[in-house]
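> all I have is the shape, not the residue letters:
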C-alpha cells in the first residue's frame, strides 16, 4: 500500500522558516517525481514546487523561488520543502504528491499525502 506522509508543519511567526518533509513507502520512491501543493481555506489547491526523481526542481513562478526550495534524499525516501521568510499568506495545508513524471496539475498526480498544516501569524 502506497503511503505519503507529510510532517514539519506548525504555527510560526512571520519571517521564520520551516522545512516540510514528505516520506514515501510502498513505492519505489526514487523513481517518482514529487510535487508540493498547498490549499488555504476556500481556495483551490495551488502548485508550489516539484522535483524530478533525480533532483531537478521546478516552480510555477520565479517569485516562489526566492523563498521556496525543494530537495530530496532518496536513501531516506524523503522529499523536503524549505520555506523561508514565511508570510501570513503562506498559511495553508501543504500536501505532497507523487507521480512517475513531474506534473504541475494536481489532477495528474497518482498518490497523495494527508497534508500538514502551516499557520503563519503576523
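Yep, it's here. These numbers come from a predicted model, not from an experiment. Residues are numbered from 1 along each chain as shown.

> and for the spatially closest residue to residue 121 that is not a sequence neighbour, the neighbour number?
Using CB to CB, 6 or more residues apart in numbering and skipping residues adjacent in sequence, the residue nearest residue 121 is residue 13, 5.8 Å away. C-betas here are computed from N, CA, C, even on glycine. Counted with other CB atoms under 10 Å, the neighbours of residue 13 add up to 10.

> quickly note the distance from residue 13 to residue 96.
Using CB to CB, to the nearest Å, residue 13 is found at 24 Å from residue 96.

> OK, contacts around residue 1?
Shown in contact with residue 1 (CB atoms under 8 Å, 6 or more residues apart in numbering): residue 26.

> low-confidence ranges, the protein, go.
For the chain, applying pLDDT under 70 flags no range at all.

> where along the protein do the helices fall?
For the chain, applying DSSP state H gives helices covering 62-65.

> tell me what the residue nearest the centre of the chain is bridged to.
Nearest to the geometric centre of the chain sits residue 36, at 2.8 Å (CA atoms, centre = their mean). Beta-bridge pairing for residue 36 (DSSP bridges): residue 49, residue 96.

> report how many residues lie close to the nearest residue in space to residue 56 that is not next to it in sequence.
Among residues not flanking residue 56 along the chain, residue 102 sits closest, at 7.7 Å (CB to CB, 6+ apart). By the criterion of other CB under 10 Å, residue 102 has 18 neighbours.

> residues contacting residue 102?
33, 35, 50-52, 56, 58.

> quick one: which of these is most hemmed in?
Neighbour tally across the contacts of residue 102 (other CB under 10 Å): the maximum, 28 neighbours, falls on residue 35.

> need the contact list for it.
With contacts defined as CB under 8 Å, 6+ apart, the neighbours of residue 35 are 47, 49-50, 96-99, 102-104, 106, 109.

> can I get those in TSV with distance to residue 20?
Converted to TSV, those look like this (distance: CB to CB, whole Å):
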residue	distance to residue 20
47	15
49	10
50	14
96	8
97	13
98	15
99	18
102	18
103	19
104	19
106	17
109	16
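
> thanks again, I'm all set now.
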